[in-house]
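In: have a look; sequence and predicted model below, questions after that.
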Amino acid sequence: MIERLCRFLYTKPRGLCYTKIEEGFFRRLRIKIVKNEVSSINIVDEIEARRQQILGKTKLAAKEGIVIAPSLDDFRRVLAVGDIHGFYEPLRALFSAADYVPEKDLLIFLGDYIDRGPDSAKVLRYIMKLKRENPYVVTLTGNHEAMMLNYFGDNSIRDPMNRNHGWLSSGGDPTFRSLRALYEENPAHYRDVIEFILGLDHIAAVENKFFFSHAGFYPKVSYAKQLDSMLWLREDFYRDYHGRRTAVIGHTPVQFFNSARTAPLVFPNHIIDIDTGSFLPSGRISCVDVKNKKYWQSDKNGAKAAILR
C-alpha cells in the first residue's frame, strides 16, 4: 500500500480526485495511476541532468517529487530541518533563533513532521503556512507520513482508532487525536492538511554538492525504483554510501550512534544526520545551515546556536 501510494504521489500528478469528506475522506479517494516511463539512469545522474536543464533559468524547480536548486550561490544559507515529530513550540523557537530570512534562505524540511509529539496538526499547518507564503521552502516526506497515509487508506478520521494498525503503535496515536480535533473544528482545514501530505516531495538537491532526503538513497539505483527505500534506510546507507555529494538526512536519531549525543552528526563518508531525537528526553529539533556549517537547536528549554563539527 505504501509503495503504491508513493509511486502515485512522487511520479505523477499532484491533482487528486475525491468526493465529499462526510463519509471518510480516504474511503472515497480515487487514485488514478498513470503509467510513466521508468528511467534506468541512476538517481545521481538523473538529478544532474535535470539540474543542467534548469541552470541559469530558475532558483528552484520541483518535478515528480524531485526538487532542485541548481546553484548554491543563489542563497545566503541552505537550512535543513530534521525530524520534528509533532513538537510545535520547539519548532517555533527554532525559527526565532535561526533568524530565517525567506527571500534569501533556502529552507528544506526532511520529513517526519508528525507522530509522538502532541501537536502534529499545528506543526503541519505551520509548515504549510511557511511554504505558502515564502518562495524557497522545500517539504520532503518521511516514513511517518507514509505510515499515516497507509492507515487512512483503509480507515476514516471519523471512526474510532483502529488499534490493529502499526501506525498507531509507532507514535500515530497523538497524531490521530490531533487530526481528529482539527477535523471536528474545521473539515476543510483537515482536508488541506491531508492534501499537503499527499503532495510532499521525496528528494532535493542543491547544485551538485548536497542531496537531501529523509533516510538516504542508493546512488546507483534510479529514482523511481527506490521511493520506498528513501523513507526507511538505516544501517545500510551509513555503511555503504561513498558518494562525492554530501547527503543530509534525518530518520535515525543521533542517539542511536551515541546515547549521550544531542548535536547533528557528521560522518566521514559525506553524511550529515540531523535527526537529534526531538521526542527523546534529551532530544532536540535541529536546523543546519549546510552552506556555512552552523546549526541551531531547540527543546522545551529554548534554543541555541553552535558550529557544525
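Out: Perfect, I can see it now.
In: going by C-alpha atoms from here, please, whenever you check contacts or count neighbours.
Out: Noted.
In: who does the one helix or strand Lys304 maps to pair up with?
Out: Lys304 is part of strand 302-307, with elements assigned from DSSP states H and E. Note on strand 302-307: by DSSP bridges, its sheet partners are strand 294-299 (antiparallel).
In: any idea how far the partner strand is from the middle of the chain?
Out: Centre-to-centre, strand 294-299 and its host chain are 18 Å apart (C-alpha atoms, centre = their mean, to the nearest Å).
In: so which bits of it are buried?
Out: 294-299 (16 or more other C-alpha atoms under 10 Å).
In: of all the residues you listed, which comes closest to Thr252?
Out: Checking those against Thr252 with C-alpha to C-alpha, the nearest one is Gln297 at 16.7 Å.
In: run through the bridge partners of that closest one.
Out: In beta-bridge terms (that is, DSSP bridges), Gln297 pairs with Ser286, Lys304.
In: all numbers from here: first residue = 13
Out: Shifting the count to begin at 13 puts that one at Gln309.
In: tell me how many other residues crowd Phe208.
Out: 16 (other C-alpha atoms under 10 Å).
In: wait, it sits on Met140?
Out: Yes: using C-alpha atoms under 8 Å as the test, Phe208 is close enough to Met140 to be in contact (7.3 Å).
In: tell me the mean pLDDT over stretch 197-212?
Out: Throughout stretch 197-212, pLDDT has a mean value of 96.
In: from the chain's centre, how far out does the helix or strand encompassing Glu58 sit?
Out: According to DSSP H and E, Glu58 maps onto helix 55-66. Relative to the mean C-alpha coordinate of its chain, helix 55-66 is positioned 21 Å out (C-alpha atoms, centre = their mean).
In: if we can go back for a sec, can you list contacts of the strand holding Lys316?
Out: By C-alpha atoms under 8 Å, 6 or more residues apart in numbering, the residues outside strand 314-319 that reach it are 102, 105-106, 109-110, 305-310.
In: redo those residues as TSV? Include pLDDT and distance to Val218.
Out: Output for the contacts of strand 314-319, formatted as TSV (pLDDT from 0 to 100; distance: C-alpha to C-alpha, whole Å):
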residue	pLDDT	distance to Val218
Pro102	93	27
Ala105	91	26
Leu106	92	23
Ala109	89	24
Ala110	90	20
Lys305	90	15
Lys306	94	17
Tyr307	95	18
Trp308	95	20
Gln309	95	23
Ser310	90	25
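In: and the residues you listed, which two are furthest apart?
Out: Largest separation among the contacts of strand 314-319 by C-alpha to C-alpha: Pro102 and Lys305, giving 21.3 Å.
In: hmm, back to that, may I see the buried residues of the helix holding Glu58?
Out: Within helix 55-66, the residues that count as buried by 16+ other C-alpha under 10 Å are 55-56, 59, 62-63, 66.
In: in this structure Pro82 contacts Ile66, no?
Out: Yes: between Pro82 and Ile66 a contact is recorded at 6.9 Å, counting by C-alpha under 8 Å.
In: anything in contact with each of the two?
Out: In contact with both Pro82 and Ile66: no residue, using C-alpha under 8 Å, 6+ apart.
In: at which residues are the strands of this protein located?
Out: Assigned by DSSP state E, the strands in the chain fall at 73-75, 78-81, 89-93, 117-121, 149-151, 215-218, 222-225, 258-261, 277-279, 283-285, 297-301, 306-311, 314-319.
In: need the contact partners of the first one.
Out: To tie it back to what came earlier, the one meant is strand 73-75. Contact partners of strand 73-75, identified using C-alpha under 8 Å, 6+ apart, comprise 66, 79-81.
In: my read: Ala109 touches Trp308, true?
Out: Yes: between Ala109 and Trp308 there is a contact under C-alpha under 8 Å: 7.0 Å.
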